[in-house]
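Trainee: With the input below, show me the fold.
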Amino acid sequence: MLRQDSNDDTEDVSLFDASDDESARKPRKVKIRHPVASFFHLFFRIGAIIVYLLCELLSSSFIACMVTIILLLSCDFWTVKNITGRLMVGLRWWNHIDDDGKSHWVFEARKELKQEKRTSSEAESRIFWLGLITCPIMWVIFAFSALFSFKLKWLAVVTMGVVLQGANLYGYIRCKVGNRSNLTSMATTYLGKQFLKHNIKDDQIS
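Mentor: This next block holds a predicted model:
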């Protein structure tokens with residue numbers, strides 16, 4: 001069962017569904033429990049990138065390419081937000097408006113304790129997070145490329161890619177780490193560990 005919390009507190013789940021120590025010693029077979037969801041998790045976003053890269057070869061019409069890319073990005077946003085996140089990693093984020101007209105963002109996470117009851121696999125988790133993180137980075141690169149090459153007509157298209165796929169990335173990270181204070185704490189802890197490790201290496205060298 002997914003547990004809702006309007007204060008943006010979520011249950012913790014592993015990014016890659018790491019098992020406990022006992023089950024980790026046992027060899028596990030790579031198994032994709034939701035092959036259709038895994039396929040469409042990558043299909044729309046990779047399709048949009050391919051059309052963008054090959055648009056000048058596929059068609060001479062800018063409007064046709066733009067509509068195709070935006071359609072693929074919209075399908076990807078809806079699919080990832082409503083289907084693949086819930087099936088592949090047990091995460092979901094959404095928005096609702098209460099009776100007073102106030103908007104509330106809800107970030108949900110499912111925590112499954114027993115390996116036997118898991119509905120997602122490690123392979124699915126890796127596919128989900130790899131696609132979720134890599135594609136927005138590529139759209140950011142496309143945005144800078146369009147800006148510095150003065151292809152302003154494409155800037156609106158790549159901006160749409162950054163916004164839609166970046167929104168899903170931000171939403172699922174919030175589902176994973178909880179509220180903003182947790183996210184800031186994790187970043188601070190990581191930077192602190194890296195700084196300490198760097199200082200230790202310098203002391204050993206000197």
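Trainee: For the protein, just list every one of the helices.
Mentor: 21-24, 35-58, 62-79, 85-88, 122-148, 152-177, 180-205 (DSSP state H).
Trainee: So what touches the fourth one?
Mentor: Contact partners of helix 85-88, identified using C-beta atoms under 8 Å, 6 or more residues apart in numbering, comprise 2, 34, 37-38, 41, 91-93, 119-120, 124-125, 127-128, 168, 172, 175. For the C-beta atoms, the positions are set from N, CA and C on the backbone; glycine is no exception.
Trainee: hmm, back to that, mind checking the helices of the chain for the one nearest to Asp99?
Mentor: helix 152-177 (24.1 Å; C-beta to C-beta).
Trainee: What is the closest one packed up against?
Mentor: Packed against helix 152-177, as judged by 3 or more C-beta pairs under 8 Å, 6 or more residues apart in numbering; DSSP states H and E, are the following elements: helix 35-58, helix 62-79, helix 85-88, strand 91-97, strand 103-109, helix 122-148, helix 180-205.
Trainee: Averaging pLDDT per element, find the lowest-scoring helix or strand in the protein.
Mentor: The weakest-scoring helix or strand in the chain, judged by mean pLDDT, DSSP states H and E, is helix 21-24 (a mean of 43).
Trainee: among the helices of the chain, which is the most enclosed?
Mentor: When these are scored by mean count of other C-beta atoms under 10 Å, the highest mean neighbour count falls to helix 85-88 (a mean of 22).
Trainee: can I get the CA coordinates of that helix in PDB?
Mentor: In PDB, the C-alpha atoms belonging to helix 85-88 read as follows (Å, rounded to 0.1, in the frame of the first residue of the first chain):
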ATOM      1  CA  GLY A  85       7.300   5.100 -11.600                       C
ATOM      2  CA  ARG A  86       4.600   3.200  -9.600                       C
ATOM      3  CA  LEU A  87       5.300  -0.200 -11.300                       C
ATOM      4  CA  MET A  88       9.100  -0.100 -11.600                       C
END
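Trainee: shouldn't Ala123 be in contact with His34?
Mentor: No: checked against C-beta atoms under 8 Å, the pair Ala123 and His34 is beyond contact range at 10.4 Å.
Trainee: picking that back up, looking at the helices and strands packed on helix 152-177, which one has the lowest mean pLDDT?
Mentor: With a mean of 60, helix 180-205 has the lowest mean pLDDT of the helices and strands packed on helix 152-177.
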